[in-house]
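S.K.: Generate a structure from the sequence data that follows.
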Amino acid sequence: MAHAGRKTFARDMRNGTLQQQTSWPPTATSYQPLLKLMMELTEMWYSAAKKLMLYTIEATESVAKGVVEGQRLASGWAKDTPVAPLLEEQQDINRDFVTRTAELARRLWLLQLEQSKVATERVEEELLPLTKVQA
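M.R.: Prediction:
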């Protein structure tokens, strides 16, 4: 490292004396506030992303069910025709597809949450020594 032995001096504003400061490598204590801030920001973002994902799944399922219902209403003209059973079966298949797809999305989302918890725990274990103040 080119900066390994480099030292800087800063003037103490209280009494005007020079104090020696090392600029490289940074100590664990200099990382602590930054790591804490980064962890808090990540947690806030992650929480918002989880809520957004739940909302997206619910909204998409609601829209898809509305489309299936609209299809049922639009095919009301075929109520007394020989095509009616075919249209009803198609609507039942569509309704089941929407329900199963939304359930699959929720399960995959929960699986992703479980995996992310494991990854978060692993990262926290690796970062924990950096956040401890060295005596």
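
S.K.: I'd like the distance between Pro129 and Gly66.
M.R.: 53 Å (Cβ to Cβ, to the nearest Å). The way it works is simple: take the backbone N, C-alpha and C, and place the C-beta from them, glycine included.

S.K.: Heading C-terminal from the host helix or strand of Tyr55, find the next helix or strand.
M.R.: Assessed by DSSP states H and E, Tyr55 sits inside helix 28-74. Toward the C-terminus, helix 28-74 is succeeded by helix 84-131 as the next helix or strand (DSSP H and E).

S.K.: which other helices and strands contact that following helix?
M.R.: Helices and strands in packing contact with helix 84-131 are listed as helix 28-74; criterion 3 or more Cβ pairs under 8 Å, 6 or more residues apart in numbering; DSSP states H and E.

S.K.: now the helix it packs on and helix 84-131, what's the angle there?
M.R.: Orientation check (axes from the mean of the first three to the mean of the last three Cα atoms, to 10 degrees): helix 28-74 against helix 84-131 gives 170 degrees.
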